[in-house]
Each structure stands twice: as C-alpha cells, then as structure tokens.
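Asks: here is a sequence with its predicted model. Questions after.
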Amino acid sequence: MPVQLTSNGIPVILAGDMNSKPLLQVLDIKLIGSAQERYRFVLSDSVSSQQAMLATQLNDRVKTGAVRKGSVVQLIEYICSKIQNRKIIVVLNMETIIPDCEIIGNPKIYAESDTVGPNPISNGIPQPQRTAIPSSNHSSATNISNNSQTFRPTVQPAYQPPPSYKSHGAIMKNEAPARIIPIAALNPYQGRWAIKARVTAKGDLRRYNNAKGDGKVFSFDLLDSDGGEIRVTCFNAVVDRFYDVVEVGKVYTISKGSLKPAKKNFNHLNNEWEIFLESSSTIDLCPDEDKSIPQQQFSFRPISEIETAENHSIVDVIGVVISVNPSVPILRKNGMETQRRILSLKDQSGKSVELTLWGEFCNREGQKLQEMVDSGFSPVLAVKAGKVNDFTGKSIGTVSSTQLFIAPDSPEANNLRSWFDRGGRTIASQSISRDLPAGSKNEKRKTVSQIKDEGLGRSDKPDWVTVKATITFIKTDNFCYTACPLTIGDRQCNKKVTKSGNSKWQCDRCNQEFEECDYRYLLQCQVQDHTGLTWVTAFQESGEEILGCSAKDLYMIKYEAKDDDYFANIIKSRLFAEVLLKLKIKEEIYGEEQRVKITVVKVDKVSYSFNTKFLLDLIPKFNQHPGQFN
C-alpha cells in the first residue's frame, strides 16, 4: 500500500501552524558546520519541499541511521524561523515511521509567495481552497497536485489604496506570551521563546576590566523538568535588574534572550549553548512550586573513575567523609588571603579521594563537617561540579560553581549511607590522592626491615608501600618553615621566605614581598615496628594528619605564645599510637652522597578488623610460598 504523506504539509507549516504533526519524507541530508555539527534536511509532502534544520540533540538519529534519505518521519515538535528573509523549519522532535522508502511524488521547492489562505479543516489539517482555473490562464497557472485533483491558491486581489484612518495612538505589538519550550530545544534560530526552569546555582558578582572598560557580570544555572540544563549570563545594566531577583531553588519563566556557544573552559553544563540576557529580557517568578522540576541534577562518578579523569575536568562525586583537616590560611598571588581545608571521601569502589575546600566553603560546610566527624559521625557529602586536579595524585577542589550537599536525600546517598553503616566503615580504601601512582591497584604492605633488605627506592622509579608502625619520636626543632603563599599557575610556590629590612616577607623566586607568609610542616619522625625502626619525612598535609593541627597554629604556640608545656603535650599525645603510613621511597642525591628518602604521603588510623582480615589472607600465600615471608 503506497505511503500517504500529509497533504499540503509544507505550506501549512510555513503559514505558522505549529500544532499539526505532519507526515513528511526526507529528500536530502547534509552535514554543515565543522566546530559544531548540524544537519540540514530537505523535507517533502510529495508536492512541496522545504529546507529544515535538525536540532543538535537529534544528531544521533542521523549518526545511527534511524533517519536517512528516503525516510518517512512524523514531526512532533518544530518551529519555523526566518533566516536571511528565508523560512527554515527547525525540527525539535520527530519519530521515524518508515526508515527507507522510494521518493514519493514529484516535489518542487515551495515558493513562499504561495501563501495558504483561510481554509476549511479536514482531519485536523488545513486544506487549500479549490478554485476553478480559467482556460485563458491555464498555461501560466501554478498547479498543485493532490490525489489527482488540480487546485490553485486563492488569487491575490488587485491592489487597492488603504482607507484613511484617524490616528488613535501608537500601534501595540503582539505581546502574547511566548510558548514555553524545553531547554534542550533552544537554538539560535528561534525568534520568540520562553523556558520554565529552576535555578540550581548562582555565581558571585564579579567585576572586570578590559579594552572596552570596566564592567560587571554574574551567571546562574537552570534545570527544567526534562532534565535540560543551561547557563544564563548577565552583564552590566542587566546585572542591576536581575542579580537580586534570582534566588537559588526558585522556579522562573525566562524569555527574550540571545543564545551563543558555551565556553566549555568555564561552563561544565551539558549544553552547547548559553543564554545571554538583554535589556528586553524578562524573568518572572512562578508563584506555585513546580514539583516536576527537581531541586538538583547530578551525574555522579565513582571515586575509582576519577583516578583516570582528565586534569581540570568537572565532575560530580558522592562519598562518606572519613576525615577533615583544620582550615589553614592561604595567601593568593593577588595578595588576598583565603582559607583552605582538606577532607577525605570514600565510597563503595574501594577508593578514597581528597577534597580541597577553598574560601567560604571552609567556614560554612567545612566547619559543619568537621564538627560532625569530631563527634564520631561520618556524613555523606555530595559534590556538584568539583574540579579534578592531578598534582601529586588525583584530588578534587572546589571552584566558584561548586555546590556541596551534606546528607542529601537521594537514592545514591541512601545507598551509600546503608553500605557504610553495614560495614563499609571498616573496609579499607586506597587513596588516589597525594603522590599515589595512578596505575597502582593493590596495596603493597611491607615491614620496616623490608625497606632496607629489599633495596626499595633504589630503582629508577619510586616504590610505594604501606607500613603499619608506631611513631616513637618527633623532632621539634625546625618542625616547619616559613613558605611563600603565592600561587604560580595551578600550584603554590611554597619556597622558603625570609624577612626583609622592612619586616615584610620576601620570596626570591617570585621576587615579591608580602605581609603574611605561610607555615608548612617539615617533620622528621622516627617510626618503628616489630622488625626495626627508620626515619621518615612528613610534609604539609601529612604533618597535619600526624599532629592534628596546622603548622601555623603549632608555630604560634611555641614561638609566639611560648607555651612550652602545651606544645610538649601536643607532641606527646601523637606518639605511640599504631598508624598505617603510606610511604614514597626514592633514592636521591644530597651533595655527592646518595641516600634513600622515605616520605609520608598519607596517614590512616589502623582498622583492626581490616588488619586481621589482611593477616588471614596472608595464610594461604604463606603456605604456598613460605620462603617469601622469612
């Protein structure tokens, strides 16, 4: 049975009817654009054909072959845009009815001057008026064939001068509200549009200076009921209109903005476009809370996958907070002081990762998390839009668009909470942060004597091992040094600084002076197990884990407050407790002498249930290869 396309489908669309769902055939498909893939179609109703543009979210239909030349499709959602005085159909949603079909009819390019006049309605589709064609004009008439019948659009009447009207004031434009469409359907070829979405994040108001002068800017992120996300940016006068209006968590209807390609270096959302609001743009608060729009949308990745994530990529992660370090002051390169706090997350993947909080995150969520962990409770934390860093192992840091959710109400959080409470807290996890090699899959447990006996660290690459030992002595003279707080690129300088004649700190590397310096641990510790003892070095983060406070706080106690008893009690309280030390062992040259340097990269409390399981797992290996354990 021959396929029946929608009669007069192309003219009806071009006349402005967006409610019908015509059945059309794809005559041609062409890929246009290089940086951004878009597909141009030629659609036919068997009589007329017209160019169309496929929305980028439907590109997979072409790539998978679901839509190809000859396919019969039904347009579900579409708009008609005028580009360079030519109308183009923008297809937002469609269904493939017949994947492959012979070309139907003899379609011709539709002339937009052939408008469709007032017509009767048949089966929901406007039909053209049937008009007898005078024989004298038959040769020049434009014929439209439909089911073997000949039709002709209504002839335009001869020009008549308009009647004279008195002035009744300015003519009002059509201000009917624009049709609300999904965020995923937005594209630059649309005219009037509106979206209804929830604000999930709002950036700070920032000021800038460039060749065009001073300015200000802020952005916010939107999420709609279909899961579409997009960023909205406002500049200068538009900032004054909307900065105080927009609130995180509220639902708004937004219209009359322009779309431009998103800058992926700064915009992590899954959308190729970004909205820029203008003087004519509107933001209207929706009075009734729309339950169909979620509060937030996550795309969580297991911590084990972050180990292979690209540097500077943006990820969502969820885990249980197992440790929180004190907040420490950091002086940035611009001379402004900020706060930094490091905590650790673990999940069911058997891995843990460090999360670095910056700025206000340290005092808000960071302080609350520290109080919860200090009280003996390990909360679930969801991180939205954290930035991956691969300096000395993989870690995650907060940026301006990051959001933290403590104990969120979500299936992922509930599953993680249940796993942790049922025994996950006692399951050891391997950190992917701080100098741990990305390819390391299994923990290598060694004794102190094996470090020397096996010649660890003397090869071209460092050895990474874990030792269960006791810290028996900590050198208290020169336990820290004064460091440069400035940031060079993505890294802090950290070079030793000295006081200059004007009582300011000076860094020879950065060639700058500043009022305050940073204080960084350089601990020399003696550790011992049942096989022997050795010396290890612990730098900043590891030093904080060993002593439980920042280097600056300990420096102030000893050298500013001069409270020797308090200082001594802090040191004594950290001795003679068994810990798991994750060590980096590498031979280095000091002067003309080669020495093996042992550096502490992570300190964990001993989980005796896990340690017992570890020893039990060694029994079969001992029976098979007893010589390895002599």
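Replies: Everything's here; your move.

Asks: in the stretch 501-630 of the chain, which spans are helices?
Replies: 540-547, 551-555, 564-573, 608-624 (DSSP state H, counting those that start in this stretch).

Asks: how far does the third one sit from its chain's centre?
Replies: The reference is to helix 564-573. 44 Å (Cα atoms, centre = their mean, to the nearest Å).

Asks: could you give the mean pLDDT of that helix?
Replies: Taken as a whole, helix 564-573 has an average pLDDT of 92.

Asks: tell me where the stretch 101-250 of the chain has strands.
Replies: 108-109, 121-122, 125-126, 144-146, 149-151, 194-202, 206-210, 213-223, 229-235 (DSSP state E, counting those that start in this stretch).

Asks: quick one: end-to-end distance for stretch 221-234.
Replies: End-to-end span of stretch 221-234 (Cα to Cα, to the nearest Å): 12 Å.

Asks: mean confidence score for the host helix or strand of residue 12?
Replies: Assigned by DSSP states H and E, residue 12 falls within helix 9-14. The average pLDDT within helix 9-14 is 88.

Asks: what helices or strands is it leaning on?
Replies: strand 23-32, strand 48-54, strand 72-83, strand 86-98, strand 125-126 (3 or more Cβ pairs under 8 Å, 6 or more residues apart in numbering; DSSP states H and E). (Glycine included, C-beta is placed from N, CA and C.)

Asks: can you tell me which of these is packed in deepest?
Replies: Of all the helices and strands packed on helix 9-14, strand 48-54 has the most neighbours on average by mean count of other Cβ atoms under 10 Å, namely a mean of 21.

Asks: partners of it in the sheet?
Replies: strand 38-44 (antiparallel), strand 86-98 (parallel), strand 108-109 (parallel) (DSSP bridges).

Asks: and the longest one with strand 72-83, angle?
Replies: Going by axes from the mean of the first three to the mean of the last three Cα atoms, to 10 degrees, strand 86-98 is angled at 170 degrees with respect to strand 72-83.

Asks: who touches strand 86-98?
Replies: With contact meaning Cβ atoms under 8 Å, 6 or more residues apart in numbering, strand 86-98 is reached by 3, 13-14, 23, 41, 43, 50-55, 58, 61, 66-67, 71-82, 112, 181, 185, 187, 189-190.

Asks: again, only using 7 Å
Replies: With Cβ atoms under 7 Å, 6 or more residues apart in numbering as the test, strand 86-98 has contacts from 3, 13-14, 23, 43, 50-55, 58, 66-67, 71-81, 112, 185, 187, 189-190.

Asks: likewise stretch 266-279?
Replies: Contacts of stretch 266-279 (Cβ under 7 Å, 6+ apart): 36, 56, 186, 221, 229-234, 237-238, 242, 256-262, 314, 385, 401.

Asks: pretty sure residue 412 is in a strand, no?
Replies: No - using DSSP: H, G, I helix; E, B strand; the rest coil, the secondary structure at residue 412 is helix, not a strand.

Asks: how close does residue 500 get to residue 85?
Replies: Between residue 500 and residue 85 the distance, using Cβ to Cβ, to the nearest Å, works out to 70 Å.

Asks: these two: who's more crowded?
Replies: Per other Cβ atoms under 10 Å, whichever of residue 500 and residue 85 has more neighbours is residue 500, with 10 against 6.

Asks: shouldn't residue 458 be in contact with residue 588?
Replies: No - counting by Cβ atoms under 7 Å, residue 588 is not a contact partner of residue 458; they are 10.9 Å apart.

Asks: re earlier: now restrict the contacts of stretch 266-279 to buried residues only.
Replies: The neighbour count (16 or more other Cβ atoms under 10 Å) marks 56, 186, 221, 229-234, 238, 242, 257, 259, 262, 314, 385, 401 as buried among the contacts of stretch 266-279.

Asks: give me the phi and psi angles of residue 306.
Replies: In this entry, residue 306 is assigned phi and psi values of phi -70, psi -20 (degrees, to the nearest 10).

Asks: which residues touch residue 350?
Replies: 304, 429-430.

Asks: right, and residue 550 touches residue 329 too?
Replies: No - contact criterion Cβ under 7 Å: residue 550 and residue 329 do not qualify, at 8.6 Å.

Asks: between these two, point out the one with more neighbours.
Replies: Using other Cβ under 10 Å as the criterion, residue 550 and residue 329 rank with residue 550 on top: 23 against 15.

Asks: mind checking how far the residue nearest to that one when sequence neighbours are not counted is from residue 544?
Replies: Leaving aside its chain neighbours, residue 550 sits nearest to residue 328 (4.5 Å; criterion: Cβ to Cβ, 6 or more residues apart in numbering). Using Cβ to Cβ, one obtains 8 Å as the distance from residue 328 to residue 544.

Asks: which neighbours do the two share?
Replies: residue 550.

Asks: shaky segments in the stretch 401-550 of the chain?
Replies: For the stretch 401-550 of the chain, the stretches with pLDDT under 70 are 434-443, 488-491.

Asks: strands of that one, start to end?
Replies: For the stretch 401-550 of the chain, the strands defined by DSSP E, counting those that start in this stretch occupy 403-406, 430-431, 463-474, 480-483, 487-488, 491-492, 498-499, 505-507, 512-514, 518-521, 523-529, 532-538.

Asks: ok, and which of the ones you listed has the densest surroundings?
Replies: Between these, strand 518-521 has the highest mean count of neighbours, a mean of 23, where neighbours are mean count of other Cβ under 10 Å.

Asks: show me what it pairs with in its sheet, parallel or antiparallel.
Replies: Partner strands and pairing direction for strand 518-521 (DSSP bridges) are strand 480-483 (antiparallel).

Asks: what residue ranges in the stretch 1-150 of the chain score low on pLDDT?
Replies: Counting by pLDDT under 70, the ranges of the stretch 1-150 of the chain that qualify are 1-2, 33-36, 83-84, 112-150.

Asks: swap that for the stretch 251-400 of the chain, sorry
Replies: For the stretch 251-400 of the chain, residues meeting the criterion pLDDT under 70 lie at 288-290, 331-336, 391-392.

Asks: all strands for it, in order.
Replies: 251-261, 273-285, 314-324, 328-331, 337-346, 351-358, 380-389, 395-397.

Asks: turn the ones you listed into TSV, including distance to residue 466.
Replies: TSV is the format used below for those (distance: least, Cβ to Cβ, whole Å):
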stretch	distance to residue 466
strand 251-261	48
strand 273-285	47
strand 314-324	16
strand 328-331	26
strand 337-346	16
strand 351-358	13
strand 380-389	23
strand 395-397	19
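
Asks: closest to residue 566 out of these?
Replies: Residue 566 lies closest to strand 328-331 among the strands of the stretch 251-400 of the chain, at 19.3 Å (Cβ to Cβ).

Asks: that closest one packs against which elements?
Replies: Judged by 3 or more Cβ pairs under 7 Å, 6 or more residues apart in numbering; DSSP states H and E, strand 328-331 is in contact with strand 337-346.

Asks: who does the strand it packs on pair up with?
Replies: According to DSSP bridges, strand 337-346 has the following sheet partners: strand 314-324 (antiparallel), strand 328-331 (antiparallel), strand 351-358 (antiparallel).

Asks: got the ones you listed as a markdown table, with distance to residue 561 columns?
Replies: Shown next, in a markdown table, are these (distance: least, Cβ to Cβ, whole Å):
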| stretch | distance to residue 561 |
| --- | --- |
| strand 314-324 | 25 |
| strand 328-331 | 17 |
| strand 351-358 | 27 |
